[in-house]
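Undergrad: quick check, what structure comes out for this input:
(4 chains)
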Number of protein chains: 2
Amino acid sequence: MATIKDVAKKAHVSVATVSRVINQKGYVNEETKQMVLQAIEELNYVPNELARSLFQKKSHIVAVMMPHLTSYYFSDLLEVIEDETINANYRLMICNSKDDPAKESKYLKIFDQYNVDGIILISNTNRIEDYLALNIPMIEIDHNLSDAIPSITSNNFMGGKLAAEKLVSNGCKKIIHFRGPSGLVTVQDRTTGFQSVLKENNIKCFTYDLAFLSPDPKDIENKILAHLDADGIFCDSDVIAILAIQALKRAGRKIPEDVQVIGFDNIQLASMFEPKITTIEQSTSSIGKAALKSIMRLINGEELDYFHQTIDVKLIERDTTK
Amino acid sequence: MATIKDVAKKAHVSVATVSRVINQKGYVNEETKQMVLQAIEELNYVPNELARSLFQKKSHIVAVMMPHLTSYYFSDLLEVIEDETINANYRLMICNSKDDPAKESKYLKIFDQYNVDGIILISNTNRIEDYLALNIPMIEIDHNLSDAIPSITSNNFMGGKLAAEKLVSNGCKKIIHFRGPSGLVTVQDRTTGFQSVLKENNIKCFTYDLAFLSPDPKDIENKILAHLDADGIFCDSDVIAILAIQALKRAGRKIPEDVQVIGFDNIQLASMFEPKITTIEQSTSSIGKAALKSIMRLINGEELDYFHQTIDVKLIERDTTK
DNA sequence: TGCCTATATGTAACAAGTTACACATTTTTG
DNA sequence: CAAAAATGTGTAACTTGTTACATATAGGCA
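TA: Got it, this is the predicted structure:
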């Protein structure tokens, strides 16, 4: 593989001049520049990023830490983050913690070793000090583990509120809320927003916690059978909504006549499934773009517009509500 | 951040000795070793991987090129690949081509710049020479773009055959095959396997091509209405199967009494959906593990057991077949 | 005893870039 | 027209680690 020396020799100049041409820095005569560019072309030269990074103490690598990759919400988000990262001329190192602290700390070491320039953190770790100790620009998505780390989240409070308002205005009197793990701020915020409206209207609600990754269908079915007269169900994910709808059908409940269902996320399947699911849309695209914009500002030492940024959600009305 | 020099100074030895301790190479006195280890501990020293990589011309990075990240099959696969990569003590750089040649060649340059050690390629590019020119160990998954690149694929022929045998032995006489894009070898192999059994049994089959990423529900519905008397449907993905089943329900066809459906992939949803979908399971876990094993052998200059490796598939019987 | 080998450690070159600084030439300015 | 500023280019130090080679000592063996 050709190095900068080979290019220098071929163009009859010094490596410094080649470097100046590549980085468009300092003075270079137009003719010299053309000769260098031609040598680069002929040798098929690509500057070695490792050497560059070593000197500059910048790797041009952004790392994203995710709890898993196989749910729609996360893979959608990952796709946006990857795209925005490459557009910003950075590379993406992907880290799947699988909620395993050992794997997560293995990655923390790697961040150090590679001079990772920025970290996008989606994690519920209880070792947030380890992250802070790295002293690497960082932003969180969907969490708020430290006041020292800027964050981006959907407006989950608003999501819960929108769902409740819809169910209430459609006449629901007895409601079930299948929510995610109550340890997550996102889930807490949704619950608060949802409850705020229900309380105002004096409506009874049964709340149950479920895992996001693989919610237990049997569990959902049992809860539904336990409250067969419920007329409104709010689910913290579209996958949960799909499971709930199927349990309701088996129990002979008509949707949306007998019972109305609202999901969360607006995954592709929500509109493919029959009946098409009314849901609260989280804009993974906006979240991902905001994340990259913020991390790039931090990397470049600029100020952020918002320390804790909130992305609006939207109620998408389909066939599971009246 | 501490460097090897800081450690050397603190332990009153030379950098060479520190390096020997870190890499467990060459002779080091036990006492000296302990002093060095203590200095490392106290300084919280982590060797800079960029400097290391630069010298060794090895980055310890594996890149995976995928056409997209948001379908279950790919995100499952990615999760396995990520896990196996980190277990092999490598890091994963993720590359989402989005079937965009421009983005793909941007990544090719990056592979060069970072001295990427190995590439796991899932792509239908028509510029395979560009990959070969990189001279980086490579393996393909689900494709066979060059005889020079070892590959790993599910036994798609077997998958098609198993599906056909099931439908035929269950008495189907008029069959629809909703397959993926016919340009993919995986799709071709499935079709060949499927047809081989149908021909033997003299059974009529209508074959339609669909996109994998977002198959058009309207299109599927129209084809189903055009052959309302079909009694067997083979779908090249579970998502297609879900769409087909819903169209069939709307058309008043009973499953599996009137018509039987077989999907492909065995995504999580296939067993959550109602009716639970009979499907051909691809083991993303086996594929991912085989991919990492192969690429590691190539990186280490070892021989492969199989140049083109085939992973068995399995028929999972559920409620959409008799 | 003398030579060979194993053990132990340091010096300096090297990987492939970037850039401070020196120096030369040309252009601008007062 | 002299001084200052702008332009153009090269040398060498620097980023952080690895390792070939030099050197030194101790123990084993003929």
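
Undergrad: how about the residues of the stretch 51-200 of chain A near chain B?
TA: Contact residues (CB under 8 Å from any CB of the partner chain) of the stretch 51-200 of chain A with chain B: A:51, A:53-54, A:59, A:68-70, A:72, A:75-76, A:78-79, A:82-83, A:86, A:91-96, A:98, A:103, A:106-107, A:109-110, A:112-115. Every residue, glycine included, has its C-beta placed from N, CA and C.

Undergrad: just the buried residues of these.
TA: Buried by 16 or more other CB atoms under 10 Å in any protein chain shown: A:51, A:53-54, A:59, A:68-70, A:72, A:75-76, A:78-79, A:82-83, A:86, A:91-96, A:98, A:103, A:107, A:110, A:112-115, out of those.

Undergrad: which ones among those map onto helices?
TA: A:51, A:53-54, A:72, A:75-76, A:78-79, A:82-83, A:86, A:103, A:107, A:110, A:112-113 (DSSP state H).

Undergrad: just the closest of those residues to DNA strand D, please.
TA: Nearest to DNA strand D, judged by CB to the nearest atom of the strand, of those is A:L54 at 4.2 Å.

Undergrad: A:E49 and B:I299: what is the separation?
TA: As judged by CB to CB, to the nearest Å, A:E49 and B:I299 stand 19 Å apart.

Undergrad: in terms of neighbours, single out the busier of those two.
TA: A:E49 (22 against 17; other CB atoms under 10 Å in any protein chain shown).

Undergrad: ok, the closest residue to DNA strand D within the stretch 201-322 of chain A - contacts?
TA: Nearest to DNA strand D, among the residues of the stretch 201-322 of chain A, is A:I299, at 18.4 Å (CB to the nearest atom of the strand). Residues in contact with A:I299 (CB atoms under 8 Å, 6 or more residues apart in numbering or on different chains) are A:117-118, A:137.

Undergrad: which of those residues has the most neighbours?
TA: Tallying neighbours with other CB under 10 Å puts A:G118 at the head of the contacts of A:I299, with 26 neighbours.

Undergrad: pLDDT score for that residue?
TA: On pLDDT, A:G118 comes in at 98.

Undergrad: then A:Q268?
TA: Reported pLDDT at A:Q268 in the predicted model: 89.

Undergrad: for the helix or strand of chain A with the lowest mean pLDDT, enumerate the helices and strands it packs against.
TA: One helix or strand of chain A scores below all others by mean pLDDT, DSSP states H and E: helix A:268-272, with a mean of 89. Judged by 3 or more CB pairs under 8 Å, 6 or more residues apart in numbering or on different chains; DSSP states H and E, helix A:268-272 is in contact with helix A:238-250, helix B:238-250.

Undergrad: partners of the following helix or strand past it, with directions?
TA: Next in sequence after helix A:268-272, counting helices and strands by DSSP states H and E, comes strand A:278-281. For strand A:278-281, the pairing partners within the sheet under DSSP bridges are strand A:260-265 (parallel), strand A:314-316 (antiparallel).

Undergrad: so what touches the shortest one?
TA: Residues lying outside strand A:314-316 but in contact with it, judged by CB under 8 Å, 6+ apart, are A:162-163, A:166, A:262, A:266, A:270, A:278-281, A:283.

Undergrad: now with 6 Å, please.
TA: With contacts defined as CB atoms under 6 Å, 6 or more residues apart in numbering or on different chains, strand A:314-316 is touched by A:162, A:266, A:279-281.

Undergrad: what's the offset of it from the middle of its chain?
TA: Distance of strand A:314-316 from its chain centroid, counting by CA atoms, centre = their mean, to the nearest Å, is 19 Å.

Undergrad: quick one: mean pLDDT over that strand.
TA: Averaging pLDDT along strand A:314-316 gives 98.

Undergrad: coming back round to it: mind exporting the C-alpha coordinates of the least confident helix or strand of chain A to PDB?
TA: Presented in PDB, the C-alpha positions along helix A:268-272 are these (Å, rounded to 0.1, in the frame of the first residue of the first chain):
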ATOM      1  CA  GLN A 268     -43.600  -0.600  10.200                       C
ATOM      2  CA  LEU A 269     -45.700  -3.500  11.300                       C
ATOM      3  CA  ALA A 270     -48.200  -1.300  13.100                       C
ATOM      4  CA  SER A 271     -49.700  -0.300   9.800                       C
ATOM      5  CA  MET A 272     -49.300  -3.700   8.200                       C
END
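
Undergrad: for that helix, list every residue counted as buried.
TA: For helix A:268-272, by 16+ other CB under 10 Å, it's A:268-270, A:272.

Undergrad: now render those as TSV, adding distance to A:V313.
TA: As requested, those are exported to TSV (distance: CB to CB, whole Å):
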residue	distance to A:V313
A:Q268	17
A:L269	18
A:A270	14
A:M272	21
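
Undergrad: show me what contacts the residue nearest the centre of chain A?
TA: Central residue of chain A (CA atoms, centre = their mean): A:L77, 4.4 Å from the mean position. Going by CB under 6 Å, 6+ apart, A:L77 touches A:284, A:288.

Undergrad: ditto for A:D231
TA: Residues near A:D231 by CB under 6 Å, 6+ apart: A:172, A:174, A:259.

Undergrad: Three-state assignment for the residue nearest to it when sequence neighbours are not counted, please.
TA: Leaving aside its chain neighbours, A:D231 sits nearest to A:C172 (4.8 Å; criterion: CB to CB, 6 or more residues apart in numbering or on different chains). Taking DSSP: H, G, I helix; E, B strand; the rest coil as the rule, one finds A:C172 in the coil state.

Undergrad: right, and A:C172 touches A:G232 too?
TA: Yes: at 3.2 Å, A:C172 counts as touching A:G232 under the criterion of CB atoms under 6 Å.
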